[in-house]
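Trainee: here are the coordinates; sequence isn't available:
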């Protein structure tokens with residue numbers, strides 16, 4: 001209960017199709033194999049292919065677009081999920097945002113993809129199929145921009161456009177998003193007029209002859225505008241990045257879908273888009289060409305396209321998204337399983353293919369996007385998004401992953417007034433959210449926060465430690481669920497590993513060690529037996545350890561253990577000697593007759609804090625507070641059952657507890673309030689002398705901290721991180737529920 005959660009349509013219309021090119025078309029007849037550049041400055045792979053993070057296509061994780069921030073956090077649009085995933089430099093993954101894609105697609109394909117004649121996928125689908133998420137870009141202020149094709153009944157040709165389709169802006173700090181603009185739907189006429197060789201969608205139960213949906217794919221931010229490619233109609237549109245009306249920016253026959261060719265409907269045209277040196281570069285997947293669009297500034301000081309030409313013809317290789325290096329070479333993801341490099345002289349070559357294996361057995365599998373690292377340490381690292389999407393090339397879904405490889409070049413450095421992606425990002429993000437996140441150290445023996453002289457909101461979210469559920473992570477990390485965190489004066493972070501019966505320590509240099517192990521813990525089978533025997537309406541958990549607090553010094557810690565059988569005499573608060581690595585039970589779990597097991601609702605002892613030689617303990621389901629001497633000289637006694645504290649029965653009542661400036665504060669999760677309790681005089685436990693609502697957060701809070709100016713930050717296990725200031729009627733969310741953190 002200290003878990004803090006701030007937490008193509010199968011790519012029919014994606015940048016898709018077969019690795020062998022367009023059989024039977026003029027494009028195929030014109031195609032030539034990628035040739036090695038005649039340039040003396042050839043691109044080279046200088047290191048081994050590595051796996052940064054692996055995914056599972058069967059869970060819907062099919063990467064589409066990839067972008068990095070200035071700290072080399074990778075953001076990946078998951079085309080089938082409508083999710084933007086963040087992967088940290090050490091491989092930790094969580095969902096940053098989940099956009100309103102919807103669910104409406106059926107789990108089978110319109111045409112066979114494996115030669116068997118079957119139209120159903122030869123594996124189980126256990127994720128919702130909906131629309132598609134496409135390209136992304138990031139601006140100087142660390143906002144992401146992404147294109148979404150939301151589903152609607154009748155997809156891929158919806159009866160009515162879905163208003164959720166369009167472009168979205170996502171804050172990479174909070175995970176909050178907003179729609180920049182809806183997808184425009186100009187009058188295109190009938191499908192026969194615009195696309196005379198459109199293919200049959202009868203496998204989808206759709207016999208209507210409507211126009212193709214507007215499919216906006218690549219995204220590029222230049223100045224104050226978002227530019228996006230329309231893959232079906234060979235256009236580039238733009239919209240003010242902070243919101244406004246989309247407008248057609250540029251079109252040219254070189255981008256159009258040829259009208260006289262028998263082109264499969266799942267082939268798309270203009271795809272990835274990048275800006276460099278006064279020009280747009282667009283990957284035209286349909287004809288396997290990189291197109292350069294020259295730009296000029298008109299009399300109003302606005303950009304306009306003035307012409308288009310072929311920069312590189314990649315022959316049979318269907319390029320998707322790409323990155324431009326400092327020499328003007330384009331590093332392209334080829335859906336067939338290659339990484340290609342196109343040179344300014346028009347030549348090209350394959351620099352990496354699917355036969356190259358990582359040390360973990362990974363390989364290139366239908367990559368869709370590449371990006372260069374941004375930090376000094378990784379600027380010559382190429383990041384590669386493996387989609388493993390069946391329709392991108394023949395074969396079953398294989399290795400969906402984020403890969404890296406060292407190369408002999410780095411990202412093109414854009415003009416500062418157009419695309420300044422380097423150096424500025426970290427500063428502007430911190431300025432936007434928090435000028436200074438560091439203040440005085442925590443008070444010894446307290447869980448108070450490290451405050452700041454001025455505490456506005458929240459600073460840059462940085463990854464400190466990774467703990468994973470092995471059912472989700474194929475690399476087999478131990479199952480650990482951090483539920484409570486305290487920090488000593490040396491910035492060592494101690495975390496209660498709920499369910500693992502451990503306490504771990506993260507040192508400032510990033511080293512993580514287990515300082516305590518072997519706390520009481522039952523098996524899940526034992527917990528299930530207790531649930532069945534007592535008729536509890538929900539499963540019982542091993543809350544071991546549940547909450548932590550320091551004692552009189554930072555070598556002494558107290559940990560609350562509440563395993564599923566409350567009759568187990570091992571339940572209670574344990575005193576821990578950190579230097580010796582030993583622990584002992586100092587007070588058992590208090591209980592009153594007629595409740596708990598006897599009443600059919602278990603006691604859930606949740607939070608603990610130390611003050612003046614005593615331990616204060618909250619009971620979440622019966623919503624009261626108990627007190628016991630920390631030396632174990634007496635049993636725990638009821639300290640407060642004030643009506644402001646007590647909501648009985650409650651799914652979650654008294655929760656986090658913290659002493660601060662003469663008062664004991666508790667979070668009443670059921671009421672959404674922070675309650676202020678008066679302390680009696682003297683050293684004895686006594687009883688609380690007063691109770692008042694100190695802060696109305698508006699959501700159920702778990703543990704919380706005070707900043708130096710009295711601002712409260714609390715973690716809501718269902719909604720995010722909230723901030724409350726004196727005088728505010730309600731708390732404000734500062735980290736969104738879509739971002740997953742463990743406290």
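Mentor: Perfect, thanks for sending it. Remember, predicted model here, so these are calculated numbers, not experimental data. Numbers count the residues shown, from 1 in each chain.
Trainee: Okay, and the spatially closest residue to residue 278 that is not a sequence neighbour sits in which element?
Mentor: Spatial nearest neighbour of residue 278, chain neighbours left out: residue 295 (5.3 Å); criterion: Cβ to Cβ, 6 or more residues apart in numbering. Where you see a C-beta, it was placed from the backbone N, CA and C, and this is true even at glycine. Element membership for residue 295, per DSSP states H and E: strand 289-297.
Trainee: Can you give me the buried ones in whichever helix or strand comes after that strand?
Mentor: Counting by DSSP H and E, the next helix or strand C-terminal to strand 289-297 is strand 303-313. Within strand 303-313, the residues that qualify as buried are 303, 305, 308, 311-313, counting by 16 or more other Cβ atoms under 10 Å.
Trainee: and which of those is nearest to residue 630?
Mentor: Set against residue 630, the nearest of these by Cβ to Cβ is residue 303 (68.4 Å).
Trainee: average model confidence for the strand holding residue 295?
Mentor: On average, the pLDDT along strand 289-297 is 95.
Trainee: now do stretch 230-242
Mentor: Stretch 230-242 comes out at a mean pLDDT of 92.
Trainee: List the buried residues in that stretch.
Mentor: Buried residues in stretch 230-242, counted by 16+ other Cβ under 10 Å: 230-239, 241.
Trainee: and if you look at stretch 482-493?
Mentor: 482-488, 492-493.
Trainee: got the end-to-end distance for that stretch?
Mentor: One end of stretch 482-493 sits 12 Å from the other (Cα to Cα, to the nearest Å).
Trainee: I'd like the average pLDDT over that stretch.
Mentor: Computed over stretch 482-493, the average pLDDT equals 90.
Trainee: Could you spell out the sheet neighbours of the strand holding residue 295, each with its direction?
Mentor: Applying DSSP bridges, strand 289-297 is found paired with strand 279-284 (antiparallel), strand 303-313 (antiparallel).
Trainee: Quick check: which of the ones you listed is nearest to residue 380?
Mentor: Counting by Cβ to Cβ, residue 380 lies closest to strand 279-284 out of the strands paired with strand 289-297; the figure is 21.1 Å.
Trainee: I'd guessed residue 178 sits against residue 167; true?
Mentor: No. Counting by Cβ atoms under 8 Å, residue 178 does not reach residue 167; the two are 10.1 Å apart.
Trainee: quick one: which of those two has more around it?
Mentor: Set residue 178 next to residue 167 and count neighbours by other Cβ atoms under 10 Å: residue 167 wins out with 24 against 11.
Trainee: Which residues lie in contact with residue 381 in this structure?
Mentor: Neighbouring residues of residue 381 by Cβ atoms under 8 Å, 6 or more residues apart in numbering: 372-373, 404-407.
Trainee: Sort out which one of those lies nearest residue 575 for me.
Mentor: Of all the contacts of residue 381, the one sitting nearest residue 575 is residue 404; the distance, using Cβ to Cβ, is 46.0 Å.
Trainee: For the closest residue to the closest one other than its chain neighbours, give me its contacts.
Mentor: Using Cβ to Cβ, 6+ apart and skipping residues adjacent in sequence, the residue nearest residue 404 is residue 50, 4.8 Å away. Listed by Cβ under 8 Å, 6+ apart, the contact set of residue 50 reads 358-359, 403-405.
Trainee: Would you agree residue 528 falls within a helix?
Mentor: Yes. Counting by DSSP: H, G, I helix; E, B strand; the rest coil, residue 528 is part of a helix.
Trainee: Against residue 481, how distant is it?
Mentor: The gap separating residue 528 from residue 481 is 18 Å, by Cβ to Cβ, to the nearest Å.
Trainee: How about residue 306?
Mentor: 58 Å.
Trainee: cool, and residue 314?
Mentor: Remark: distance between residue 314 and residue 481 (Cβ to Cβ) = 48 Å.
Trainee: more neighbours, these two?
Mentor: Per other Cβ under 10 Å, whichever of residue 314 and residue 481 has more neighbours is residue 314, with 28 against 18.
Trainee: Find me the pLDDT at residue 217, would you?
Mentor: According to the prediction, residue 217 has pLDDT 94.
Trainee: do the same with residue 348
Mentor: Confidence at residue 348, expressed as pLDDT, is 95.
Trainee: try the one 4 residues further on
Mentor: Model confidence at residue 352, expressed as pLDDT, equals 94.
Trainee: how many neighbours does the nearest residue to it once chain neighbours are set aside have?
Mentor: Nearest residue to residue 352 in three dimensions, chain neighbours excluded: residue 339, at 4.0 Å (Cβ to Cβ, 6+ apart). Look at residue 339: counted by other Cβ under 10 Å, it has 26 neighbours.
Trainee: And the helices in the stretch 251-400 of the chain, which stretches?
Mentor: In the stretch 251-400 of the chain, no helices are defined using DSSP state H, counting those that start in this stretch.
Trainee: in it, which segments are predicted with low confidence?
Mentor: Within the stretch 251-400 of the chain, the stretches with pLDDT under 70 are 258-266, 390-398.
Trainee: mind listing what's buried in the strand holding residue 295?
Mentor: Residues 289-293, 295 are the ones in strand 289-297 that count as buried (16+ other Cβ under 10 Å).
Trainee: Look at residue 245 and say how many residues are nearby.
Mentor: Residue 245: 9 surrounding residues under other Cβ under 10 Å.
Trainee: got a pLDDT number for it?
Mentor: With respect to pLDDT, residue 245 has a value of 95.
Trainee: now do residue 524
Mentor: Residue 524 carries a pLDDT value of 67.
Trainee: can you check the one 10 residues further on too?
Mentor: The score at residue 534 is 68. That number is its pLDDT.
Trainee: Tell me the pLDDT of the closest residue in space to residue 375 that isn't next to it in sequence.
Mentor: Take residue 375 and drop its neighbours on the chain: the residue closest to it by Cβ to Cβ, 6+ apart is residue 72, 5.0 Å away. Model confidence at residue 72, given as pLDDT, is 92.
Trainee: on that earlier part again, columns distance to residue 327 on top of the buried residues of strand 289-297, output as JSON lines?
Mentor: Converted to JSON lines, the buried residues of strand 289-297 look like this (distance: Cβ to Cβ, whole Å):
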{"residue": "289", "distance to residue 327": "20"}
{"residue": "290", "distance to residue 327": "15"}
{"residue": "291", "distance to residue 327": "19"}
{"residue": "292", "distance to residue 327": "15"}
{"residue": "293", "distance to residue 327": "20"}
{"residue": "295", "distance to residue 327": "21"}
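Trainee: Looking at the residues you listed, which is nearest residue 330?
Mentor: Residue 330 lies nearest to residue 290 out of those, by Cβ to Cβ, at 5.6 Å.
Trainee: Dig out what that closest one forms beta bridges with.
Mentor: With DSSP bridges as the criterion, residue 290 is bridged to residue 283, residue 312.
Trainee: The one 5 residues further on now?
Mentor: Using DSSP bridges, the beta-bridge partners of residue 295 come out as residue 305.
Trainee: which residues touch it?
Mentor: Per Cβ under 8 Å, 6+ apart, neighbours of residue 295: 278-280, 303-306.
Trainee: For those residues, please prepare CSV with the additional fields distance to residue 730.
Mentor: Below are those laid out as CSV (distance: Cβ to Cβ, whole Å):
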residue, distance to residue 730
278, 49
279, 50
280, 46
303, 44
304, 48
305, 49
306, 53
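Trainee: on that earlier part again, for the residue nearest to residue 352, which residues are in contact?
Mentor: So residue 339 contacts 331-333, 350-353, 364, 367, 370, 382, 384 (Cβ under 8 Å, 6+ apart).
Trainee: Which of these fall in strands?
Mentor: Of the contacts of residue 339, the ones assigned to strands by DSSP state E are 331-333, 350-353, 367, 370, 382, 384.
Trainee: Any quick ChimeraX command for the buried ones out of the residues you listed?
Mentor: Typed into ChimeraX, the line below selects the buried ones among the ones in strands among the contacts of residue 339, using 16+ other Cβ under 10 Å:
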select :331,332,333,350,351,352,367,370,382,384
